[in-house]
Each structure stands twice: as structure tokens, then as C-alpha cells.
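> Here is my input; please provide its structure:
(3 chains)
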Amino acid sequence: MIDYTRELDSYLKRLFPITRSITGNGNRETLKILQEIIPLEIKEYPSGQEVYDWTIPQEWNIKDAWIKNSKGEKIIDFKNSNLHIVSYSKPIHKKMKLGEFKEQLHFLRDLPEAIPYRTSYYNENWGFCISYNQYQELFKEDEEYEIYIDSELTDGALSIGELILHGRSSKELLISCYMCHPSMANDSLSGVLLTSFLAKELQNLNLYYTYRIVFIPETIGAIAYCANNELHMKNIKHALVVTTNGGPGKFGYKQSWQEDNFINNMVEDVFQESEEEFIKYPFDIHGSDERQYSSQAFRINCITISKDKYYDYDYYHTSLDNLDFVKGEYINSSLGLYYKLIMKMEKNLKFKNTMPYCEVMLSKHDLYPKTGGTINQLIKNSSKNELDLILELLFTCDGNKGLYEISKDLKIDLDVLYEIALKMKNKYILEIVE
Amino acid sequence: MIDYTRELDSYLKRLFPITRSITGNGNRETLKILQEIIPLEIKEYPSGQEVYDWTIPQEWNIKDAWIKNSKGEKIIDFKNSNLHIVSYSKPIHKKMKLGEFKEQLHFLRDLPEAIPYRTSYYNENWGFCISYNQYQELFKEDEEYEIYIDSELTDGALSIGELILHGRSSKELLISCYMCHPSMANDSLSGVLLTSFLAKELQNLNLYYTYRIVFIPETIGAIAYCANNELHMKNIKHALVVTTNGGPGKFGYKQSWQEDNFINNMVEDVFQESEEEFIKYPFDIHGSDERQYSSQAFRINCITISKDKYYDYDYYHTSLDNLDFVKGEYINSSLGLYYKLIMKMEKNLKFKNTMPYCEVMLSKHDLYPKTGGTINQLIKNSSKNELDLILELLFTCDGNKGLYEISKDLKIDLDVLYEIALKMKNKYILEIVE
Amino acid sequence: MIDYTRELDSYLKRLFPITRSITGNGNRETLKILQEIIPLEIKEYPSGQEVYDWTIPQEWNIKDAWIKNSKGEKIIDFKNSNLHIVSYSKPIHKKMKLGEFKEQLHFLRDLPEAIPYRTSYYNENWGFCISYNQYQELFKEDEEYEIYIDSELTDGALSIGELILHGRSSKELLISCYMCHPSMANDSLSGVLLTSFLAKELQNLNLYYTYRIVFIPETIGAIAYCANNELHMKNIKHALVVTTNGGPGKFGYKQSWQEDNFINNMVEDVFQESEEEFIKYPFDIHGSDERQYSSQAFRINCITISKDKYYDYDYYHTSLDNLDFVKGEYINSSLGLYYKLIMKMEKNLKFKNTMPYCEVMLSKHDLYPKTGGTINQLIKNSSKNELDLILELLFTCDGNKGLYEISKDLKIDLDVLYEIALKMKNKYILEIVE
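Numbering: from 1, shown residues only, chains lettered A, B, ... in the order given. So this is what the prediction gives:
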């Protein structure tokens, strides 16, 4: 896989400043920029659409917002940071004493230089997020302030981006990232960029699975997508929920809801083969869009490979989750791991012996391995040779076990076994059942 | 639960002297006294009725019985102890030398002051049970004795008592005790009284399960009851076989036939929460009426909580199993444990998320917990708060796992989880499937 | 079981010299001699018949073969050892220098006095097998040799022997041995003779299972037999693949493909009860005709009890696997183990309580055990008596577990439990379901 560090850094810079939310023109602008990388289709789900227990809210757009002190000086300005505004704040223009709007000011005493990230999607409200330093320096109890938010809540739509890469099978893997965060780099944006470049790579390959790749706002976007693509979603075999993979910290992965699902072992194999240490996060019901994809109706096993995982780094959901913290090279290294994982999944097929009655006459099908063939060179540290593995596959492949599980049982590299299985498939001795 | 020690002591005194057997007027008299406590229905299954592999025998009643020595002195008198007569002894009036009826005399060399308890229901026979001391003092090889048994075997009926407490569900739990023993206090009578007062308590509750509470003679009564209520018995989910719970010794419980059935863990939880030590008796094919209820056609998991369990105390099946040994306070403490067990079973329901597609929008249903609510006060020593538990239940409750199992998985008190589940049920987010 | 050592030694001597292969008159001659022991039916599958992925080859017969040196001396003579000729060698008569036919000479540098065993069934070819000593002494680079093989490849048939012993059940056990090796005593011949005398023993017994006993050439014979008896082969419950059981070395057994199948434990019990040490060979895909019988279409659990197992002794597939190495007494001791195994399998039936509702009234069926009866004398080292075991069987036998598994659960000897079960069956309380 080629190194995308440079492109990643360049797109980080362009996409970071855009004001995104669960709806709005910032999201459309983001998706349009991503179309430079991959041929995303943009879909719009209208405000008011009922999606399961939820309703797609009005579209929110904002032009400007500030707070002026009694001297008329702009002390807080949306133009400096789009995090200053609680997402989905309603419009307001009013003079008030601090005491009257103190509850609308959000800051973090423990991280005094950081602006927190806050939203109020389903409670009509407004608010400003500021650093604790700003709060202490700029606000006084008795002073009167002019509050201005030039936002708009209108019947519009929720925008999502979608790319389907058709493989040889109609069985699907889902790759999902969320793009609803404004200027935060690790949470949301790193996932959006990793997904884009991963999709770009996959486009060039002859794939077995069909890949459904989606760029959505978190929660409501995932719910809306499921509701609008219900049958497809029930056909998904596994999902990758891509987020927070661009920090300087440790790699980790969040397990899928069924702890013994093979995908969890496979991720660990990828880490081990890449000689990367990693933190294992057990599945829990909190998290990102795996909450929707693993819900009872879908029960998809989803994993997330992270580098500075959400919840677990100090700058999480603040203005410090920025481009000083996140780098293209970090995203690129996470991208490499996802790519390796997919390469493994592509080989974990279920084969079936087409001649289940007694043994196959190998010589007749020209399957008797030549001593010293290329495959035998690949089989290292094993007491088994190519002939043994052909016989093992003929014996074992009854359509029930995936090749990954068989490779574990035989203590043989999946790549080697896949190559042998393909050779047998080409002789019509094995067929793919899944 | 209120303390029934005093009532228990009073009923022990009234019921202890009555001559009970597998049939007869003593059983009817016993059931009539119990009707003072609970509205038992008395049912009569006629002699000769075929019940599976068995036939209900003739009814046995006895008025008097004695042995006189050659001087005409009554040396053994049924009026002193109804244990003196082998249950189901046929009538006899005859003079005999000791050598002629020695085999009809039963005594225990190892417990010389105790009269043993013997029956001969299906072998027409007669016999006297005496203490070994009596045997040595009162009987001489060459003396002639006058034997008198004024009993009657007639076509009559086998009497049972039944109380159905209808719950919200038609699914049933069975509570079964046997009343076929004459003057013995721990074996049989403690179970009869515990069951009566347990039923009295349950009457006042709004129950989920329907409770089938039966007072029967052991073995033939249980078989007759199953045969006459076959479909109902196939609808039983669990059974409590109540016996030998009134001694001064240790608590214990006999496990149900499937060792891994949750009811066994639940009983142990009750002991632990009550800070009571207990003996664990593994299931075995011997025992009481669980032999019938666990047979292949029913396969009910039955447990018995005991205090001085049958087989395991010295006075078992002798005249020393009397009111010096058994006390109302012991029965009352066992009653408390059964009650706690039932309270747990009542909460071990299977819930199902009514909205399995993606997440529920909690705020819309007013399910977002207020910080510091009452439930949160109940959740101690847990890293999870009410919101976490709501989300866990939405994720997990698919109708397959009972709440008890879920509470174990989450390491959360069943009572707390039940309260949350009920709250969600009231919002129609969860429904009870079982 | 009687001691067959003498007969075994006598038949070893008669059968050892015959030239056998996968087809040919040597096989017919062998089967005819075996007909003296058991009433084998001889079947002929014609050359050219398609059997799954294979085709039955032409029949091969050989009359003579030799190599003469330039002086006209026969230095290698088929009449001295039929191993001198690669099986299925085509006819040839030609003078050649050593350099021209060196590749047609096979010998073993590591075992210089042994003639190796070689075949070329499906590659038209010819060759001589000689000892390394012969090679060094008798062959010189520049000398010219006269090569003579008087063999014939004609449309004929593949011969097999079959004996069906009909038991009370139509369920079948397979006993399979291969007879395709020429003068080798442990590999092939020991299996043929053990199978013959085992069949002779079984003939005299009142058997539960039906026994399908086959004498076939390895691989192609097993495949041809499966193809010609497909439905029967799908009805086989277990198979014994009998081979290499006549050496002086250690006992061992090769496990069946499902490691946890009861037959593997049963074989180990046989060894332990016979106080014989043994080597455990895990299942692997190499081996003998279990390769066919365990293939996906049949998936039969097959075991092999061996004494000097194939692959594992030095003389394997050489002229040293002869009557100095193999003795009738060794085969006889292996035969005893197979016999004990079959006696166990015959008792591992699945019984079902015919009265699943509540308890059976034992006295009514005259099933109450007499104290000190013969069965109780058999029950040693157990806390259970006959009554306990009757009750256990009534409780447990629901047609799902075999008696062997139940005997393990109860820690009771299978023979004892079988005797009790039969007694209950005779009272129509249990019935055999499998």
C-alpha cells in the first residue's frame, strides 16, 4: 500500500476548519472535497423523516456568532473557532447580564486553555463554549454582554456520502465513519480521511466482498442510514467503525459484541504481525455507531482500530484535539492496519470440497505438488507440506469453517492456505460457498 | 414477612397427634385444620383409579390397637403413639406366642428408646413398632400375647389439598408438600406448615407466576396428582418440594436435576444474602416427590430447602422426630428463605426490547435518568449508573435471557435491574415474554 | 475367545508367498484360502468402472521376471521374492546397459539387506526392487543386462471379499482390511488374518449390530467398495480398519476423526482393562482406508488397533516385514483386543424408559432386587446397589445417551449396567432405540 501521509496532511488542513454538525452545508462541503478522492454519492434524507424511534431534525446552518462586552469589544468570536458555539444553537440577539446566561457558558476547569465541544440537537437551546481562562479573564458578574448568534433551523436534509464497491460476492462488509464534528482532528476527521483513502485503495483491487462505505453524522446518521437501507444492512457480515486513529498515542481496538467472533482474533493477528503493541477495549454499549449496527435487528460484529481512542485521551472533545495533536503519518499507520485486516478478511472464505465421496485422485487433476514448488517455499516452520495441506483442505472444507479458522487449527499461515485453496478452486475441486 | 413462630407452634401441637397415612380420615382432618390458614380445596381420588403404573389403594382407617400380655395388661397401646402400628396394617385379633409374631415386631437396637416408623402399603400385612427397650422389658419368648388391631381397608379415596393462586401469567410454579406421615414433626409436618404459611403470604401479593400449591401423600399422591393434572404439570416451570425444614440442625438444599439450572444458584444467593451457612446436597434419584416431578415426562427442576434434611438426622423416621426436636422458630426461618427465593423468581422474567432497530431515543420516552434519582442510590459498588443499565437492557433483552442471568453478567443486584426493567416496560420499551 | 495362534501361524505360511496387488489372481487365490475360515463372498468390479473420481484399472498378472548379467546368470529372480518387481510393471524383454535402466532399480541405502516395496498403479512403468547389497555386488556400470518381465495388463476385474453377519439391528459396523500387498507379513497380511478369525468368532454370537466385513485392496478397493455400496456405507456407525497388528513391538491405536467420539475412550478402556500399554496416534489425514470412510460423504469414525503400526517400524514396506518379524501369537493378542472392543460396542445401546410418567412401580414388575443377587455381587467398589442402578436407568434412559456414556457417568462397569438394562428390557420397562 502506498504512503498517503502527504495527502492526509493536506486534506487535514483543508477539512479541519469547516463547521460540520449532524446536518448543514458544512457537511455537504466536506463530502464534496472527499469526492476529489473517491466517487462518493451524496444522499439527502429530508428533515422530518421518521427513522425508527427518531425523526430527522431540521437542518442547522450558522453564519456568525459573538459575545461583546459592555465596551462593544468582541470577546468571543465564532470566526476564531467554530467550537465556540454549542452545535444546533438557535438564533439570538440580546443584551444580558452574566448572571442571566451563565448556564449557557461551557468551560472546563481542569483543562483551562481548552474550548469544550458541546451539542444540543434535540433540546432547543443555545450556548457558547469557551476556555476556562477566557471565562476568568473576560467575564464579570455585573457586566452586561451583547449575545449574537446568526443561525438558522430550517426544513432541509441530513446529508450522507456513500460508495459501494462491488465485489465478486453480494455479501457485504460495512466501513462507516462519522463526519458530524466541527474542528476536531482525531475524533471524526481522522476517521473520515482514513476511510476515504482506504476506499481509494480498495477501488483498485479485485475484491471478493462488496464494500458499503458510508460517511454519516454519528447516531442519527447511522440510524437514518439503517432505516433507509434496512435490507442491505441485514446482509452485512462485519463492520469497521473508523474513528480516532490519528493521535500520537497507543494503538488499540474495540472488540465486537461477540467476544469470540473471529474478527477480534484477526485484528490481534494484524497487530502482532505488524509488531505493534495495542490496547484491547472490550465491547461495551457506549461508543460510536456500532451501537446501531450491533442492535438487535442487525447484530453486526463491528470493530474499531484506534490510535488515541475516544474517551481515552485528555484532549477528547475539546479544541486541543487539533492539528498539533493529529498527523497524517499517524492516520497512515492506522490505515495500514485496516488494510491488512481487510486483506485477511478477503481470504477468510468458506470453501467446500466438490467431491465429498472418498478421496480425490490428485494426479488426475494435476494437483500432485512438485517438490520444491513456490508454495512449499512459503510453508515455513511447519511439519506439513503442500500435499498435506491439499489433503487437509479436501478433508475439512465442507462449507462450515472459514479458511481463517482452518489456518489456526493447522497452524499454517492464512496466505499460504488461501493460495493452495485457490489453486484447488481453479481445478474445480473446491468451490466457495461464502 | 411477618413472624409466624407462634402460629406455627400452635398448629404443630394440634396437628402432630393426628394419625395420617397415604389415605384416611386423619388426612382429611389435617386438611380441614389447614383450611383455617388458607382456602384449600380438598379433592378425593377414588380407590382403584389407575394412575400411570400405579393404582390408588383402598382407604385405611384405624380405631384402636394394642398388645396385651398373659396377665391381660396392655403393654403396647396405639393410643400412646400412632407410630406403634405399621401403617396399613390389616385387622387382627388373636392370641399368639412371641415366636409366632416376632417378625411383626419392629424396633431399633441402635436407638433403644425410639419407636421406628414403618409402612406396608402394597403388601397386605400387619405389624407393631416398639422401642428396643420395650422389646427387652415387655416381651418373653414363651409368653402368650393377645394381639388386637381394629383397622379397616375399604374402597374410599385418597385425599389431597390444592390451592391455585392466579398470577398475571399462566406459567406456573409448583409448591408441593406431603402429609402422609403420622406423628412425626420434621419429616412431613414441618413441610405442611411451612407451605401453608408461605401460601398465606403469597395470597396477599400481586404475583407474576401462577402458584399451584399441593398437599398430598408422598409418592402415590404425587403420582395421582400428576396423572389427574397432566397438562398443568407439563406447564410447570420450577417446583419447590417442601419438607424437613424444622429441625435445630443446619440449613441445606437439594439441587435440581439439572445442576446448572439457575434455580440452584438462586438458592445459594438467598443463603448468602441471608448470611446463612448451608449444606449442598447434589441431586440424586432418591428423595421425595421430585422423583415424580423430574421424571422424563415432566423434567421439572425441583429444589428443597431443608433444616435437618431427611436421611441426614439421627431421629429420622422415629418417634424422636417430635416436638422436642422441631420448633416453630426453625420452620419460620426456613419459611423466610423460601419467601426470598420466590421473590427472586418473580423478578427473573424474560424481557424483550420492543424496538430492536437501532437505539431508542431515551429523551422522547422520558427515560433519561435524573442524576441522583432513587435507583442510582440503589446501585452501589458498581461502575454502572442507571443510564448504563437502561442501555444494557435495551441491548441485551431479546427474550432469551432471564433478568437473573443478566444481573449476574452485569454484576448488578437483581432488584435494581428489575426496577429499571419495569420502568422501561411502563414506557412500552420492554415487554415481558416470559 | 479361543487361542488362534496355531491356525494363524499356519495361514501366515500359506498366504505370505502369494503375489497380491490391487487386482489379479493372487488376490483371488488369497480370498479362496480365506473361505476355508469364513464363508466369504467374492465380488468382482470390472476394469474401467468409474468409482467416484477414480477408474478401476486393468487387471495385472505376472508369471515371471528376472535380470541376467552378461554371463547369462540370473542375478535377480522374481521367484526368489515377489517384491523384486514394482507392482503393475508392464512386460519387457530387452538388453540394456546399467546406465539405461538405473532409474528402474529401487533399493534402500539405509537398510542394505532389505528389498523395498514399490508400486506404479496409475503410471505405466516397470521396475525392479533389490537390496542395496545386491546393487553393490551384482551391478556394474558398463555391463549389459538382460531384463525380462512376463506380466500382463488386461481388462479384468478388481476382486474383493465380503461377509455380512446379520445382527438384530440393521445398523452396521464395518470391519475392513486390505489384501493388496504381496509378501509382507505385518502390513496387510496380519490385518487380513485378524479380520478372518475375528469374523469367525463373531459368527457364533447373537449379535446386536450387523457386521459388514470386507477384504479389499487399499484405496482403490475401498473407493470401489464405497461406490458400489453407497447407501450401506452411509448406514455404518463405526469402522475398524484392521492392519499392522502382528509385530513384536508396542500396541497402539489410531484415533477416529472426531477425537471426542466414544470409540476412542472405549479402545483405551480395552487397553487398560487388559493391562496393556499403548501408544495413542491422533487422527491424521494420512493412513489407510479410514481416509475414504471418514471422507465428507461418510464421516465414519474409524479406529485401528495396531502392534507395530504402519509408518512406525523400521521394516515397513520392505522384505524384512516377514515371518521372522510377524508371529501368530502377536496377531492373536491384537485379535483379543478387537474382540473385547466389539463386546463393549455391542453393549453400548441406547435404551428408553417405556413409562416416562413418574416412577415405575418396581414390585409390580418383579423388579425389586433380592438382597445379595448375582448382579449385586458384580457391583464392586461402588456406593450404588442394583436398586439404585435400576432407578438411575429409569431416570436417565430417554434414548439420547448410550449405555457406555451412562456407565461412565455412574462410574459403574458397562457389563453390569448392560445386564440390569437387559433385565428391565425383558420386563418391557426399557426398550432399545438404537
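
> For the closest residue to chain B within the stretch 201-350 of chain A, the count of nearby residues, please.
Chain B sits closest to residue A:296 of the stretch 201-350 of chain A, with a gap of 3.6 Å, by Cβ to the nearest Cβ. In short, each C-beta sits where N, CA and C put it, glycine included. Neighbour count for residue A:296, taken as other Cβ atoms under 10 Å in any protein chain shown: 17.

> I'd like to check which residues are in contact with it.
Counting by Cβ atoms under 8 Å, 6 or more residues apart in numbering or on different chains, residue A:296 touches B:353, B:356-357, B:395, B:398.

> nearest spatial neighbour of it, skipping sequence neighbours?
Counting by Cβ to Cβ, 6 or more residues apart in numbering or on different chains, residue B:356 is the residue found nearest to residue A:296 once chain neighbours are left out, at 3.6 Å.

> who's in contact with the one you found?
A:295-297, B:398.

> if you set the cut-off to 7 Å instead, what comes out?
Counting by Cβ atoms under 7 Å, 6 or more residues apart in numbering or on different chains, residue B:356 makes contact with A:295-297.

> surely residue A:12 meets residue A:328?
Yes. Residue A:12 sits in contact with residue A:328 when judged by Cβ atoms under 7 Å, with a separation of 6.2 Å.

> Helices along chain A, start to end?
All helices of chain A, identified by DSSP state H, fall at A:5-15, A:25-34, A:98-101, A:132-138, A:191-203, A:220-228, A:230-234, A:262-273, A:290-293, A:328-347, A:374-378, A:386-396, A:403-410, A:414-426.

> Show me what the second one is in contact with.
By Cβ under 7 Å, 6+ apart, the surrounding residues in contact with helix A:25-34 are A:14-15, A:18-20, A:40, A:42, A:61, A:159, A:161, A:179, A:196, A:215, A:217.

> Write a PyMOL command that selects only the buried members of the residues you listed.
Buried subset of the contacts of helix A:25-34, written as a PyMOL selection, criterion 16 or more other Cβ atoms under 10 Å in any protein chain shown:
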select buried, chain A and resi 15+18+19+20+40+61+159+161+179+196+215+217
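
> Relative to residue C:209, which of the contacts of helix A:25-34 is nearest.
Closest approach to residue C:209 among the contacts of helix A:25-34 (Cβ to Cβ): residue A:215, at 65.0 Å.

> Distance check, the residue of chain A found nearest chain C against residue B:63.
Across chain A, the shortest distance to chain C (Cβ to the nearest Cβ) belongs to residue A:356, at 3.5 Å. Distance from residue A:356 to residue B:63, counting by Cβ to Cβ, to the nearest Å: 80 Å.

> And residue A:291, by the same measure?
Residue A:291 is 77 Å from residue B:63, by Cβ to Cβ.

> Where does pLDDT dip in chain A?
Within chain A, the stretches with pLDDT under 70 are A:370-374, A:376-377.

> Near chain C, which residues of it are found?
For chain A, the contact set with chain C under Cβ under 7 Å from any Cβ of the partner chain comprises A:353, A:355-361, A:363-364, A:391-392, A:395, A:398.

> Please list only the buried members of these.
Here, 16+ other Cβ under 10 Å leaves A:353, A:355-361, A:391-392, A:395 buried among the residues of chain A next to chain C.

> For these, give me a markdown table that also has distance to residue C:28.
Formatted as a markdown table, those follow (distance: Cβ to Cβ, whole Å):
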| residue | distance to residue C:28 |
| --- | --- |
| A:353 | 35 |
| A:355 | 31 |
| A:356 | 32 |
| A:357 | 27 |
| A:358 | 24 |
| A:359 | 26 |
| A:360 | 29 |
| A:361 | 25 |
| A:391 | 32 |
| A:392 | 37 |
| A:395 | 33 |
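
> out of these, which are inside strands?
Here DSSP state E is the test, and those give residue A:353 as lying in strands.

> can you pull the buried residues of stretch A:145-161?
A:145, A:147-149, A:151, A:153, A:156-161.

> er, stretch A:407-420 I mean
Neighbour-count burial for stretch A:407-420 [16+ other Cβ under 10 Å]: A:407-408, A:410, A:412-414, A:416-420.

> What distance do you get for the closest residue to residue A:14 other than its chain neighbours to chain B?
Closest residue to residue A:14 apart from its sequence neighbours, by Cβ to Cβ, 6+ apart: residue A:33 at 6.2 Å. Using Cβ to the nearest Cβ, to the nearest Å, we find residue A:33 at a distance of 29 Å from chain B.

> Could you do residue A:368 as well?
Taking Cβ to the nearest Cβ, one finds residue A:368 at 50 Å from chain B.

> Quick check, that residue in contact with residue A:361.
No. Using Cβ under 7 Å as the test, residue A:368 is too far from residue A:361 to be in contact (9.8 Å).

> Roughly how far does residue A:238 sit from residue A:282?
18 Å.

> Name the residue in residue A:291 and residue B:63 with the higher neighbour count.
When residue A:291 and residue B:63 are compared on other Cβ under 10 Å, the one with more neighbours turns out to be residue A:291, at 23 against 11.

> The more buried one is in contact with residue B:391, isn't it?
No. Contact between residue A:291 and residue B:391 fails when scored by Cβ under 7 Å: they sit 8.2 Å apart.

> shared neighbours of these two, which are they?
Common neighbours of residue A:291 and residue B:391 (Cβ under 7 Å, 6+ apart) are residue A:285.

> coming back round to it: residue A:12 and residue A:328: which has the busier surroundings?
The residue with more neighbours, out of residue A:12 and residue A:328, is residue A:328; 24 against 21, by other Cβ under 10 Å.

> tell me the contacts of the residue lying closest to that one once chain neighbours are set aside?
Nearest non-adjacent residue to residue A:328, counting by Cβ to Cβ, 6+ apart: residue A:8, 3.2 Å away. Neighbour list for residue A:8: A:193, A:197, A:328, A:331-332 [criterion: Cβ under 7 Å, 6+ apart].

> now do 8 Å
A:193, A:197, A:328-329, A:331-332 are the contacts of residue A:8 under Cβ under 8 Å, 6+ apart.

> Strands of the stretch 51-200 of chain A, residue ranges please.
For the stretch 51-200 of chain A, the strands defined by DSSP state E, counting those that start in this stretch cover A:54-55, A:59-68, A:74-77, A:92-97, A:105-106, A:128-129, A:144-154, A:157-165, A:172-178.

> any idea how far chain B is from residue A:70?
35 Å.

> With residue A:186 instead?
24 Å.

> Now for that residue, how many residues are close by?
31.

> now residue A:226: how far from residue A:24?
From residue A:226 to residue A:24 the distance is 21 Å (Cβ to Cβ).

> between the two, who's got more neighbours?
residue A:24 (27 against 23).

> Name the residues of the stretch 1-150 of chain A found near chain B, please.
Selection of the stretch 1-150 of chain A residues close to chain B by Cβ under 8 Å from any Cβ of the partner chain yields A:51-54, A:122-123.
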